[in-house]
Every structure is written in structure tokens, then in C-alpha cells.
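In: Prediction below, plus the sequence it came from.
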Amino acid sequence: TQGAELYRIGFRLGKDRAIFDDGREFECDAVVACTGYKNSFPFFMHPDIVNEVYCRKTNMTYKDLALSCQNPRNLFKQCIHPSTPDGSLAFMGFARPAFGSIPPCSEMQSRLIAMVVTGAHKLGTTEEIQCIAKKDQDNWEYRFGYDAKRVKGLVDFQLYCDDIAKEIGVLPPLTKLFFSKPRIWWKIMFSSFTMHQYRLQGPFANPRIAEGVYQRQPVGDFLECSITAAFLLMAKILSLVGFKDFAPNNF
């Protein structure tokens, strides 16, 4: 909005104005509170169970559980609680992409949870998946800085979905597609980012339908796609000659 100013400091309300901690004042007619929401799990805080031990291995009580679940970074891939590597305690929806949509992230979470619960995919020990969760947390906080600490579930849309896809073995075979089905490769790389790419191989794959979707899917502007492709190939070449930091994601 034209003339808008951002304040990230405390304030108090006067009769007709907001008075900030640094002494500045802003005269206003109304205040609209956009405070978002707070993660809470009142069912874990019920008086009948709040102090009972939930996990004897870690001596965690239900109160401890409620507090730990408030931060999705404490969960394996932000969905499975480390105390239950069998997936018996899991949540969906606590991954918010900076750009993109929550439902596709939740779809990938649901696939991971379903495979873990049914025994189709085995996780490590509690300690091992805690270490992975901590490594993921450090990565997201490094990438997003202040915003990652403000929005606890913040992730990169593609990297997060690719990460879960790699975990359950459904990453698209991009290098193989580049040589065998270049049109499908082009559509995956330069059309809309959708979950169909995670149905091309691996558990519960349906490549015929997935490829059919990509055949009908439009790509972006040719010039923009060409520039992106040039950067992608250059990054790949640099990664092959030793500059590993330039390696394209999963290509």
C-alpha cells in the first residue's frame, strides 16, 4: 500500500493512536489484529492425562508432548513425532511453503505417513529421526532467516516435496527422462509444479496417467524457459567439474 510503513517493535494504544516503543506515534481510526494462529493441542492437556507419561523410553509426559508438537520443526519431515517411528502419532498440514500450496505438501505427508503406518517404509530409531528433524530445522532457518522463526512450518515448496519423495522412493527419474522422454522432462521442468511427477516411478506409481497429464500441460514462455534451461545446464556442468554447491536439485 502506498505510504505504508513496517514496524516490528512493541506498541501501546492511546485514545486515537498507536504509540510505539521508540516514541513514534501513528494516528488511526481502527486497529485490525492479524495475529495468525497458535498451534495448540488441548486434548494432550486434559487434566486426566496431562501429567501421565506418554513415552516411557524418553519419560515424556502428555504435557511435554503438547509443547513439543507446537513447533512442527520437532517432527520428522514436520509430520511424524520422533517418539513414534512407526507413525502412530503424526500430523498433516504443518508445512507451509513460502511460494506454493499447502495441500500438495500435505499430500506428500499423507503418502509418507501411510507407508510408515502400513510398514511399507521403515524409519530409523527415535534418535536418528530426531537428528534428521534437527538438520532439516537448521536448513530451513538458514534459508528463510527471520521468517523461518516467525512461521515455524515454513518450507521451500519443491525442496520439501522432493525431500519426502526421495524418502519414500518416488522422485521422478529426471536424468533418464532427459534422454528417453525429453518432452516429459521438458514439461516437468518448465510447466506447473504438480504432484504428478511423483507418480512416474516407485510405490503406487501410475506413469501412464502421470505422463498423460504432462502431455496436455502447457509450458511457460519460450524465452523464459530457454534462459532457465541455460542456467540449469550451466549449473549441472559446474557441479560436474567440482563446484558441488551449484548442483541442480535432483538432476
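Out: Looks like it arrived, so ask away.

In: pLDDT below threshold where in the chain?
Out: 1-2, 250-251 (pLDDT under 70).

In: All the helices of it, in order from the start?
Out: 62-69, 102-117, 126-144, 146-150, 157-168, 174-180, 182-190, 207-216, 222-240 (DSSP state H).

In: residues near the closest residue to residue 84 other than its chain neighbours, how many?
Out: Closest residue in space to residue 84, ignoring its immediate chain neighbours: residue 90 at 7.5 Å, by Cβ to Cβ, 6 or more residues apart in numbering. All C-beta atoms are positioned from the backbone trio N, CA, C, and that covers glycine. One way to gauge burial is a neighbour count; for residue 90, by other Cβ atoms under 10 Å, it gives 20.

In: Ok, residue 50 next?
Out: Neighbours of residue 50 under the rule other Cβ under 10 Å: 14.

In: One more: the one 3 residues further on?
Out: With neighbours defined by other Cβ under 10 Å, the count for residue 53 comes to 13.

In: Any figure for the gap between residue 59 and residue 131?
Out: Here the criterion is Cβ to Cβ, to the nearest Å. By it, residue 59 lies 19 Å from residue 131.

In: let me fix that: residue 86
Out: Here residue 86 is placed at a distance of 18 Å from residue 131 (Cβ to Cβ).

In: What of residue 157?
Out: 24 Å.

In: More neighbours: which of those two?
Out: Regarding residue 157 and residue 131, a neighbour count based on other Cβ under 10 Å identifies residue 157 as having more, with 18 against 14.

In: Hmm, residue 105 and the more buried one touching each other?
Out: Yes - in terms of Cβ atoms under 8 Å, residue 157 counts as a neighbour of residue 105; the distance is 7.2 Å.

In: Overlap in contacts, those two.
Out: Counting by Cβ atoms under 8 Å, 6 or more residues apart in numbering, the residues touching both residue 157 and residue 105 are residue 97.

In: hmm, back to that, wait, which of the helices of the chain is closest to residue 18?
Out: Proximity to residue 18 (Cβ to Cβ) singles out helix 146-150 among the helices of the chain, at 20.4 Å.

In: Run through the neighbouring helices and strands of that closest one.
Out: The contact analysis (3 or more Cβ pairs under 8 Å, 6 or more residues apart in numbering; DSSP states H and E) places helix 146-150 against helix 126-144.

In: Flag every buried residue along the helix it packs on.
Out: Under the neighbour-count criterion of 16 or more other Cβ atoms under 10 Å, helix 126-144 has 126, 129-130, 132-133, 136-137, 140-141, 144 buried.

In: what's the closest of these to residue 32?
Out: Nearest to residue 32 among the buried residues of helix 126-144: residue 144, at 25.6 Å, using Cβ to Cβ.

In: Now for that closest one: which residues touch it?
Out: Counting by Cβ under 8 Å, 6+ apart, residue 144 makes contact with 98, 154.

In: And it, how far from residue 124?
Out: Noted for residue 144: a distance of 26 Å to residue 124, by Cβ to Cβ.

In: re earlier: for the residue nearest to residue 84, which residues are in contact?
Out: For residue 90, the contacting residues are 75, 79-81, 84, 109, 113, 116-117, taking Cβ under 8 Å, 6+ apart as the criterion.

In: wait, doesn't residue 54 sit right on residue 68?
Out: No - at 10.1 Å, residue 54 does not count as touching residue 68 under the criterion of Cβ under 8 Å.

In: Quick check: neighbours shared by those two?
Out: Contact criterion Cβ under 8 Å, 6+ apart; residues bridging residue 54 and residue 68 by contacting each: residue 60.
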